[in-house]
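>>> This is the structure alone, sequence omitted:
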């Protein structure tokens with residue numbers, strides 16, 4: 001229960017068992033993904049394989065039985081909520097996959113420096129930081145759809161260019177331009 005002087009007492013209800021089950025799903029999944037690299041022992045992999053479905057079943061059961069589940073799945077019946085959530089999930093997938101894969105490509109495959117990697121990551125993050133507030137102002141004045149659609153088109157164009165243009169010896173200028181395009185798209189669409 002939370003209380004402040006002059007405010008009404010509010011009772012918070014958190015599904016601790018559901019949160020613990022979800023944490024177990026994430027932990028077991030992380031161990032299993034890490035085992036793909038061959039770093040985990042057989043006993044650890046077997047334990048994670050056994051724990052994952054147990055935690056997943058517990059989590060699903062808690063989602064349907066708890067009065068305040070961790071995720072409120074009924075919200076996905078609202079088209080705008082489902083669309084916005086889906087877009088955020090996909091754009092985060094693109095962003096995090098890119099910012100994890102590009103340093104590996106540049107440093108491990110191409111043998112370039114941390115400075116090169118940092119400048120390439122700056123090419124995606126600086127446009128996001130600069131354009132997100134502008135995208136927010138634009139969406140306040142013309143509506144949410146135009147900046148999201150424009151940003152999404154730019155993200156898809158950048159991902160497509162990256163998909164077809166990536167190679168062992170891909171030039172720095174190409175990577176910087178594509179990452180900047182992704183940054184512009186993400187900045188406009190998330191503002």
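That came in fine, so what should we check first? Since this is a predicted model, take the numbers as computed values, not measurements.

>>> Now stretch 46-60: buried residues?
48, 51, 52, 55, 56, 58, 59 (16 or more other Cβ atoms under 10 Å). Just so you know, the C-beta spots here come from the backbone N, C-alpha and C atoms, and that holds for glycine as well.

>>> can you pull out the strands in this structure?
For the chain, no strands are identified by DSSP state E.

>>> min pLDDT across the buried residues of stretch 46-60, which one?
When the buried residues of stretch 46-60 are compared on pLDDT, residue 48 comes out lowest, with 90.

>>> separation between it and residue 54?
Between residue 48 and residue 54 the distance is 11 Å, computed by Cβ to Cβ, to the nearest Å.

>>> Likewise for residue 165?
Per Cβ to Cβ, residue 165 is found 44 Å from residue 54.

>>> Can you tell me which of the buried residues of stretch 46-60 lies closest to residue 17?
Here the nearest of these to residue 17, counting by Cβ to Cβ, is residue 58; it sits at 7.5 Å.

>>> Would you confirm that the closest one contacts residue 23?
No. Contact criterion Cβ atoms under 8 Å: residue 58 and residue 23 do not qualify, at 10.9 Å.

>>> any idea which helix or strand of the protein has the worst average confidence?
Of all regular secondary-structure elements in the chain, judged by mean pLDDT, DSSP states H and E, the least confident is helix 79-103 with a mean of 86.

>>> list the helices and strands it packs on?
The contact analysis (3 or more Cβ pairs under 8 Å, 6 or more residues apart in numbering; DSSP states H and E) places helix 79-103 against helix 114-142, helix 145-165, helix 172-190.

>>> export these to CSV and tack on mean neighbour count, mean pLDDT and distance to residue 78?
As requested, the helices and strands packed on helix 79-103 are arranged in CSV below (neighbours: other Cβ atoms under 10 Å; pLDDT from 0 to 100; distance: least, Cβ to Cβ, whole Å):
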stretch, mean neighbour count, mean pLDDT, distance to residue 78
helix 114-142, 16, 90, 19
helix 145-165, 16, 90, 16
helix 172-190, 21, 91, 20
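
>>> Which one, of the ones you listed, ends up nearest to residue 84?
Residue 84 lies closest to helix 145-165 among those, at 8.5 Å (Cβ to Cβ).
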